[in-house]
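Trainee: model this:
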Amino acid sequence: QVQLVESGGGLVQAGGSLRLSCAASGRTVSYYAMGWFRQAPGKEREFVAAIRRIEGSTYADSVKGRFTISRPNIQNTVYLQMNTLRTEDTAVYYCAASVSGPGLRMSEYNYWGQGTQVTVSA
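Mentor: Purely as a prediction, here's the structure:
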């Protein structure tokens, strides 16, 4: 059984930074992609960023230039550095892992974490 555990969420003022972490444990699998999605109140879950074995990093337009996804040494750990946070970034952030990719859609991910709340105040 695979578990993804996120950490690092919290409350921050607009313009501030947070770093989210996600560690996968359990069955040892080399994931093709690991990514982050988010869901704001009353909205659908949306893609934020992914880091993929061949294609590298991909970002949603709304976070490009502000967020950085990293995955040291292609281990089953992924980070999301979030800078210049905006109130519209407020959401529950979910980590996900994809065994076979390509890793841009929710349906392509096999495992999900329980989410971590990020709240950005004005």
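Trainee: spell out the residue ranges of the strands in this structure.
Mentor: Taking DSSP state E as the test, the strands found in the chain are 2-7, 10-13, 18-26, 33-39, 46-52, 56-59, 67-70, 77-82, 91-98, 111-112, 116-121.
Trainee: how about these in a markdown table, adding distance to Leu104, mean neighbour count and mean pLDDT?
Mentor: All C-beta atoms are positioned from the backbone trio N, CA, C, and that covers glycine. Converted to a markdown table, those look like this (distance: least, CB to CB, whole Å; neighbours: other CB atoms under 10 Å; pLDDT from 0 to 100):
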| stretch | distance to Leu104 | mean neighbour count | mean pLDDT |
| --- | --- | --- | --- |
| strand 2-7 | 18 | 16 | 93 |
| strand 10-13 | 27 | 13 | 98 |
| strand 18-26 | 17 | 18 | 93 |
| strand 33-39 | 8 | 24 | 96 |
| strand 46-52 | 6 | 21 | 96 |
| strand 56-59 | 6 | 15 | 95 |
| strand 67-70 | 13 | 18 | 97 |
| strand 77-82 | 15 | 22 | 96 |
| strand 91-98 | 9 | 23 | 96 |
| strand 111-112 | 15 | 18 | 95 |
| strand 116-121 | 21 | 17 | 98 |
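Trainee: between these, which one is nearest to Arg105?
Mentor: Arg105 lies closest to strand 46-52 among the strands of the chain, at 7.3 Å (CB to CB).
Trainee: and that closest one, what does it pack against?
Mentor: strand 33-39, strand 56-59, strand 67-70, strand 77-82 (3 or more CB pairs under 8 Å, 6 or more residues apart in numbering; DSSP states H and E).
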